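Turn this into a model:
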Amino acid sequence: MKPFTLIRPSTLTAARDRVGGAPDKRVLRAGGIDLIDLLKEGIAGPDELVDLKAIKGADAEAMRALAAEGGGWSIGALVTLAQIAESGLGDAHAVLREAAGSAATPGIRAAATIGGNLLQRPRCWYFRHQGLVCLKKGGDACLADGGENRSHAILGGGPCFIVHPSTLAVALVALAAELEIVGDAGTRTSPIDKLFALPRVSPMSEHTLAAGEVIRRIRLPAGAAGQRSVYEVAKARQSFDWPLAEVAASVVLEGGTIKSARIGLGHVAPVPWRAVQLEEALAGQTPSAELFARVAPLATAGARALGQNAYKIPLTQGLVRSALHRACGIAVPD
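Numbering: from 1, shown residues only. Below is the predicted model of the structure:
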């Protein structure tokens, strides 16, 4: 691991200015879970780590707060996954609580922050191998295309086939969350979907933040009457493995029909993936096992399997059916 200096500024402005002045040499540190891994693996080698947890004042309060707000919720970027998993998020927002509780191990959840979870780097073994130069590290090709690719993307891939590693991002996509982002031009608000960039847009980066921009907090909109949200995941080992596929579903029921639905898919695409065709097919329908079985394939419409990851297509469809059954209170057929 390359030696570094830990800088502990007392204000968010000072932290942003420090990093924005030399983003190739200085990086922000929140929980530090993924960052420490990158340092150990030799993938990152900054001269300075700028510690966000040292800031004080109003920005610190906003970034650490987890509070109900106007029927929705405000979640600071420094709130830990453990805090979210143990929070009072109700039925409308329960998908985020369930997703946070499923991530990693209790020790990691106690340290990892929601902001860091959204911005963590890919876990692709080619990207994480110090001796390999893949497309994401400035190489000429994605080594997973034609290589070991059982964990890689089936949707939205190309020219790079990573899967986005953030479980909480998938839940936030289902909830139509908004981000409060602080930068040189002031504070702006952005839908969570706009945070992430497909490889064809930016092969070297997974997000759209400008240098010096920082996520201050995440806002969840007020839940609608009849809204329920759930999270479903499949892992090789349920205790601590990364997901093979995951589904976050938010459904609004009205008068015995599905008024609207938002479905997020995780670990199947380079960004948290909206299953828009599926959402459109569900709207106005009466929930039933037959309906869910018929429309679930729409979740993976346009999927392109690589050599070893075709299993993700039926797996994702099965998770979609399970999520819809739970969200709509329909018993799963024997």
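
got a list of contacts for the helix or strand harbouring A171?
In the assignment (DSSP states H and E), A171 maps to helix 167-174. For helix 167-174, the surrounding residues in contact (C-beta atoms under 8 Å, 6 or more residues apart in numbering) are 81, 84, 95-96, 98-100, 102-103, 114, 117-118, 192-193, 195-196, 218, 220, 229, 231, 233, 243, 246-250, 262-266, 272, 274. C-beta: built from backbone N, CA, C; applies to glycine.

which of the residues in the helix or strand following that helix are buried?
Helices and strands here follow DSSP H and E; after helix 167-174, the next one along the chain is strand 178-183. Of all the residues in strand 178-183, those buried under the rule 16 or more other C-beta atoms under 10 Å are 178-182.

can you redo those residues as TSV with distance to C134?
Below are the buried residues of strand 178-183 laid out as TSV (distance: C-beta to C-beta, whole Å):
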residue	distance to C134
E178	33
L179	28
E180	33
I181	29
V182	32
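
from the residues you listed, which is closest to G156?
Taking C-beta to C-beta as the measure, G156 lies nearest L179 of those, at 20.6 Å.

Quick check: beta-bridge partners of that closest one?
For L179, the beta-bridge partners are S190, I218 (DSSP bridges).

so it makes contact with L220?
No. Using C-beta atoms under 8 Å, L179 makes no contact with L220, being 11.1 Å away.

Now do the helix holding A171 against strand 178-183, angle only.
120 degrees (axes from the mean of the first three to the mean of the last three C-alpha atoms, to 10 degrees).

Neighbours of G76, how many?
23 (other C-beta atoms under 10 Å).

should've said A185
9.

Check the one 5 residues further on too.
Residue neighbour count, defined by other C-beta under 10 Å, stands at 15 for S190.

ranges for the strands of the stretch 201-334 of the chain?
If DSSP state E, counting those that start in this stretch is used as the criterion, the strands of the stretch 201-334 of the chain fall at 214-220, 227-235, 243-254, 257-266, 273-274.

any idea which of these is most buried?
strand 243-254 (a mean of 25; mean count of other C-beta atoms under 10 Å).

elements contacting that one?
Judged by 3 or more C-beta pairs under 8 Å, 6 or more residues apart in numbering; DSSP states H and E, strand 243-254 is in contact with helix 94-102, helix 167-174, strand 227-235, strand 257-266, helix 312-328.

So which of those is nearest G147?
Checked against C-beta to C-beta, the stretch from those lying closest is helix 312-328, at 16.4 Å.

for that closest one, which positions count as buried?
312-313, 315-317, 319-328.

That one versus strand 257-266: what angle between them?
Using the same axes, to 10 degrees: helix 312-328 against strand 257-266 is 140 degrees.

Alpha carbons only: can I get helix 312-328 in PDB?
Taking C-alpha atoms only, helix 312-328 is exported to PDB below (Å, rounded to 0.1, in the frame of the first residue of the first chain):
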ATOM      1  CA  LYS A 312     -28.800 -14.500 -14.400                       C
ATOM      2  CA  ILE A 313     -31.700 -14.200 -16.800                       C
ATOM      3  CA  PRO A 314     -34.100 -16.700 -15.200                       C
ATOM      4  CA  LEU A 315     -32.700 -15.900 -11.800                       C
ATOM      5  CA  THR A 316     -33.600 -12.200 -12.200                       C
ATOM      6  CA  GLN A 317     -37.000 -13.100 -13.500                       C
ATOM      7  CA  GLY A 318     -37.600 -15.400 -10.500                       C
ATOM      8  CA  LEU A 319     -36.600 -12.600  -8.100                       C
ATOM      9  CA  VAL A 320     -38.900 -10.200  -9.800                       C
ATOM     10  CA  ARG A 321     -41.800 -12.600  -9.300                       C
ATOM     11  CA  SER A 322     -40.900 -13.100  -5.600                       C
ATOM     12  CA  ALA A 323     -40.700  -9.300  -5.100                       C
ATOM     13  CA  LEU A 324     -44.000  -8.700  -6.700                       C
ATOM     14  CA  HIS A 325     -45.800 -11.400  -4.700                       C
ATOM     15  CA  ARG A 326     -44.500  -9.900  -1.500                       C
ATOM     16  CA  ALA A 327     -45.200  -6.300  -2.400                       C
ATOM     17  CA  CYS A 328     -48.700  -7.100  -3.500                       C
END
